[in-house]
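> The following comprises the amino acid sequence and a computationally predicted model.
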Amino acid sequence: MKRSLETIAYNQDTEALARFAKALGHPTRIAIIKHLENQSCCFTGDLVEVFPLAQSTVSQHLKELKNAGLIQGELKPPKIKYCINKDNWNKAKALFQEFFD
């Protein structure tokens, strides 16, 4: 069975939307994204000061957001600087908008 380019694009968009939705499926991750939207970038330690969570917990949430492609990290030894991946964030917003319309 041949798949059309439209079907392939649909599947890729559907998979991306599901990946973004899963990453945003925790209130802390939503709060982290909202915080990062108002910052150019920040370090894990900065987020630990903002949220009443252990550093390991914050790091786990950052890992999930990064794996979904919503944020990106840049190694600045011994720290990691995080910021929103603007391309993927814009794609996520567009996919959610399309989904809800």
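Sure, I can see it. Numbers count the residues shown, from 1 in each chain.
> what's the weakest-modelled helix or strand in the protein?
Every helix and strand of the chain was ranked by mean pLDDT, DSSP states H and E. The lowest is helix 5-23, at a mean of 84.
> State the distance from the residue nearest the centre of the chain to Q39.
In the chain, the centroid-proximal residue (C-alpha atoms, centre = their mean) is L70; its distance is 2.5 Å. Note on L70: its distance to Q39, by C-beta to C-beta, to the nearest Å, is 14 Å. The way it works is simple: take the backbone N, C-alpha and C, and place the C-beta from them, glycine included.
> same thing with K91?
Separation of K91 from Q39 (C-beta to C-beta) stands at 20 Å.
> before we move on, what about E64?
E64 is 19 Å from Q39, by C-beta to C-beta.
> pLDDT weak spots in the chain?
Residue ranges of the chain with pLDDT under 70: 1-10.
> which stretches of it form helices?
Listed in chain order, the helices of the chain (DSSP state H) span 5-23, 27-37, 44-50, 55-67, 86-100.
> Quick one, which of these gets closest to P78.
With C-beta to C-beta as the criterion, P78 lies closest to helix 44-50 of the helices of the chain, at 10.4 Å.
> Check which helices and strands that closest one sits against.
For helix 44-50, the elements it packs on are helix 27-37, helix 55-67, strand 79-84, judged by 3 or more C-beta pairs under 8 Å, 6 or more residues apart in numbering; DSSP states H and E.
> CSV for the ones you listed, including distance to F43 and mean neighbour count?
Below are the helices and strands packed on helix 44-50 laid out as CSV (distance: least, C-beta to C-beta, whole Å; neighbours: other C-beta atoms under 10 Å):
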stretch, distance to F43, mean neighbour count
helix 27-37, 11, 16
helix 55-67, 10, 16
strand 79-84, 5, 17
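> Could you export these as TSV, including distance to A21?
Below are those laid out as TSV (distance: least, C-beta to C-beta, whole Å):
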stretch	distance to A21
helix 27-37	11
helix 55-67	12
strand 79-84	17
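> Good, we can wrap up now.
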